[in-house]
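Engineer: structural data only, the sequence is not supplied:
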């Protein structure tokens, strides 16, 4: 039963709720920055050190405050969209499929590498492994990258399944350069990483190039066994209910940034990116079809 004695308590409660709503900081303010997440496909320190200038540019161009996040794995980026810890994310292709299916996140930009809006995976092996074809992987030790990686797991897995190959042991190196290192050091016989075609002068641009400083002879010691089908490049992904004005400002700013020499250099250092193009969710339907054909359970990946 309502009594006058309860009136002051209720009034105080309503006041707290009202003031809390009024004082809630607008997204993009200092106390509520736009949260930009990066998929950790390369070393986190590399992403962090190279992204600082990008963030400064974004803030100057948009008038918004940004905060970056670099989780330890691919799935953490997906989950960040579900908990609204991420407003915008640079994701791998499969991570986007998960984020869209589960949380309604939408791809609006796609990166370019070496003039292409797609990439491929590759299966690599040590030159001393005796592996010259996919069939030769039978009974061998194998390293994938991350379980949600398209180039470092799903597309190579499809090739292995299509060839009815049974591996003796599999492990996950998480990062592409880790897998190359594992193959180079003969911790495994073969592995899966991303592939990009060599430059016109023959310089390799696949995952082996990432460890060249540490292992100058990596190209002689680690060979490519085969490459996968084409995979749509990494998208910039936006949270389902993100303010359209923020989305528009971000897209305009990132396009302007990557058109500068500094911007090109920074994105090349982070993800080997040379440009960006507009994209839509429909551009990833082919990837969805591949996931179904391999029998990967998307829901289980989120768990």
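Structural biologist: Noted; the coordinates are in hand. Bear in mind that the values here come from a model prediction, so they are computed numbers and not experimental data. Numbers count the residues shown, from 1 in each chain.

Engineer: distance of the residue lying closest to residue 26 once chain neighbours are set aside from residue 246?
Structural biologist: Counting by Cβ to Cβ, 6 or more residues apart in numbering, residue 32 is the residue found nearest to residue 26 once chain neighbours are left out, at 6.5 Å. From N, CA and C alone the C-beta is placed, and that goes for glycine too. Residue 32 sits 12 Å away from residue 246, going by Cβ to Cβ, to the nearest Å.

Engineer: of those two, which one has the most company?
Structural biologist: More neighbours surround residue 246 than the other of residue 32 and residue 246, with 18 against 13 (other Cβ atoms under 10 Å).

Engineer: in a strand, the more buried one, correct?
Structural biologist: No: with DSSP: H, G, I helix; E, B strand; the rest coil as the criterion, residue 246 is helix rather than part of a strand.

Engineer: just checking, it touches residue 64?
Structural biologist: Yes: using Cβ atoms under 8 Å, residue 246 is in contact with residue 64, at 6.6 Å.

Engineer: the longest strand anywhere in the chain packs against which elements?
Structural biologist: The longest strand of the chain (DSSP state E) is strand 118-126. Using 3 or more Cβ pairs under 8 Å, 6 or more residues apart in numbering; DSSP states H and E, the elements in contact with strand 118-126 are helix 155-162, helix 176-184, strand 190-195, strand 222-227, strand 231-232.

Engineer: can we see that at 10 Å?
Structural biologist: Where contact means 3 or more Cβ pairs under 10 Å, 6 or more residues apart in numbering; DSSP states H and E, strand 118-126 is packed against strand 106-112, strand 141-144, helix 155-162, helix 176-184, strand 190-195, strand 222-227, strand 231-232.

Engineer: tell me the most buried of the ones you listed?
Structural biologist: The highest mean neighbour count among the helices and strands packed on strand 118-126, using mean count of other Cβ atoms under 10 Å, belongs to strand 190-195: a mean of 28.

Engineer: and it, how far out from the chain middle?
Structural biologist: Relative to the centre of its chain, strand 190-195 is centred 16 Å away, using Cα atoms, centre = their mean, to the nearest Å.
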